[in-house]
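*Asks:* next input, structure requested:
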Amino acid sequence: MNPVEGNVNIRQTRSDTDQVSRRGSAVDGAKTNESQPSVASGESVSITSTASELLSLENQLRELPGIDQARVDTIREAISNGSYEVDPARIVDSLLQSEADLG
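*Replies:* Prediction:
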């Protein structure tokens, strides 16, 4: 699910609110596609500040390189020649710090 979808607000700006509900379905019971809210004439759609921030962060992440190939090659070579050392204490510390940051 796109993080922006849950942060879209539809506001009625016309006085006749009997024809269209906030979800875009007709009030008289007729079925419409509720997965995509419709916006009738006179309604406005706004994105919350949280959604705007998420969209901005998503765009920034797209611009970052996905893989540091030089680092991957260095680690791969170290594993191949047996010089790669695992520091269990460092791994545990990092996991605990990540847990603390999330909590």
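
*Asks:* I'd like the next helix or strand past the host helix or strand of residue 62.
*Replies:* Assessed by DSSP states H and E, residue 62 sits inside helix 49-63. Moving toward the C-terminus from helix 49-63, the next helix or strand (DSSP H and E) is helix 69-81.

*Asks:* helices and strands around that next one, which ones?
*Replies:* For helix 69-81, not one helix or strand is in contact under the criterion 3 or more CB pairs under 8 Å, 6 or more residues apart in numbering; DSSP states H and E. The way it works is simple: take the backbone N, C-alpha and C, and place the C-beta from them, glycine included.

*Asks:* ok, residues contacting it?
*Replies:* residue 84 (CB atoms under 8 Å, 6 or more residues apart in numbering).

*Asks:* let's see the following helix or strand past that helix as CSV, backbone CA atoms only.
*Replies:* Sequence-wise, the next helix or strand downstream of helix 69-81 (DSSP H and E) is helix 88-102. Written as CSV, here are the backbone C-alpha positions of helix 88-102 (Å, rounded to 0.1, in the frame of the first residue of the first chain):
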residue,chain,number,x,y,z
PRO,A,88,29.5,-10.9,17.4
ALA,A,89,29.6,-8.2,20.1
ARG,A,90,29.4,-5.5,17.5
ILE,A,91,26.4,-7.3,15.9
VAL,A,92,24.6,-7.6,19.2
ASP,A,93,25.3,-4.0,20.1
SER,A,94,23.9,-2.9,16.7
LEU,A,95,20.8,-5.0,17.1
LEU,A,96,20.1,-3.7,20.6
GLN,A,97,20.6,-0.1,19.4
SER,A,98,18.2,-0.7,16.5
GLU,A,99,15.6,-2.2,18.9
ALA,A,100,16.1,0.8,21.3
ASP,A,101,15.6,3.3,18.3
LEU,A,102,12.4,1.5,17.3
